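1. Any chance you can model this:
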Amino acid sequence: QVQLVESGGGLVQPGGSLKLSCAASGFTFSNVALSWLRQGPGKGLEWISEVLTGGSNTYYADSVKGRFTISRDDAKSTVYLQMSSLKPEDTAVYYCNARNWQAEYWGQGTQVTVSS
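-> Predicted structure coming up:
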């Protein structure tokens with residue numbers, strides 16, 4: 001059974017930090033590219049970051065570049081999103097996504113709220 005389970009969301013003040021985790025099971029983790037996406041209140045789904053297989057190639061949306069860092073630990077089948085200098089506009093449900101040429105998987109999402 002394929003599962004992607006996000007964790008680490010919560011309430012944080014502007015300027016603060018959070019680290020999201022997404023633990024995977026049920027497929028070969030090292031063979032997938034991994035992404036984080038988010039959906040803010042009243043907004044569409046926004047891609048924010050991706051890490052390719054091997055972990056050396058990472059990509060970021062302009063809205064988070066320099067503030068967020070994506071990483072993967074294939075031994076733990078987990079992808080992370082370190083978020084710093086958080087802003088109220090970062091408030092959203094954050095989803096992880098795993099994909100390769102055969103399939104695509106989604107997590108259930110974790111809520112991040114940036115507010116004072």
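
2. what helices or strands is the helix or strand hosting residue 20 leaning on?
-> In this assignment (DSSP states H and E), residue 20 forms part of strand 18-25. On a contact count with 3 or more CB pairs under 8 Å, 6 or more residues apart in numbering; DSSP states H and E, strand 18-25 meets strand 3-7, strand 33-39, strand 78-83, strand 92-99, strand 110-114. The C-beta positions use only the backbone N, C-alpha and C, and glycine is treated the same way.

3. in that strand, what counts as buried?
-> Within strand 18-25, the residues that qualify as buried are 18, 20-24, counting by 16 or more other CB atoms under 10 Å.

4. Residue 87 contacts residue 114, doesn't it?
-> Yes: counting by CB atoms under 8 Å, residue 114 is a contact partner of residue 87 at 6.1 Å.

5. residues near residue 15, how many?
-> Per other CB atoms under 10 Å, the neighbour tally for residue 15 reads 11.

6. in a helix, that's where it is, yeah?
-> No: counting by DSSP: H, G, I helix; E, B strand; the rest coil, residue 15 is not part of a helix but coil.

7. give me every residue that touches the residue lying closest to it once chain neighbours are set aside.
-> Distances taken as CB to CB, 6 or more residues apart in numbering put residue 85 closest to residue 15, at 6.1 Å, once the chain neighbours are dropped. Residues in contact with residue 85 (CB atoms under 8 Å, 6 or more residues apart in numbering) are 15, 17, 67.

8. ok, the first one touching residue 86?
-> Yes: here residue 15 reaches residue 86: they are 6.7 Å apart, a contact under CB under 8 Å.

9. Output the buried residues of strand 18-25 as JSON lines; include the columns pLDDT and distance to residue 74.
-> Formatted as JSON lines, the buried residues of strand 18-25 follow (pLDDT from 0 to 100; distance: CB to CB, whole Å):
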{"residue": "18", "pLDDT": "98", "distance to residue 74": "23"}
{"residue": "20", "pLDDT": "98", "distance to residue 74": "17"}
{"residue": "21", "pLDDT": "98", "distance to residue 74": "14"}
{"residue": "22", "pLDDT": "98", "distance to residue 74": "13"}
{"residue": "23", "pLDDT": "98", "distance to residue 74": "12"}
{"residue": "24", "pLDDT": "97", "distance to residue 74": "10"}
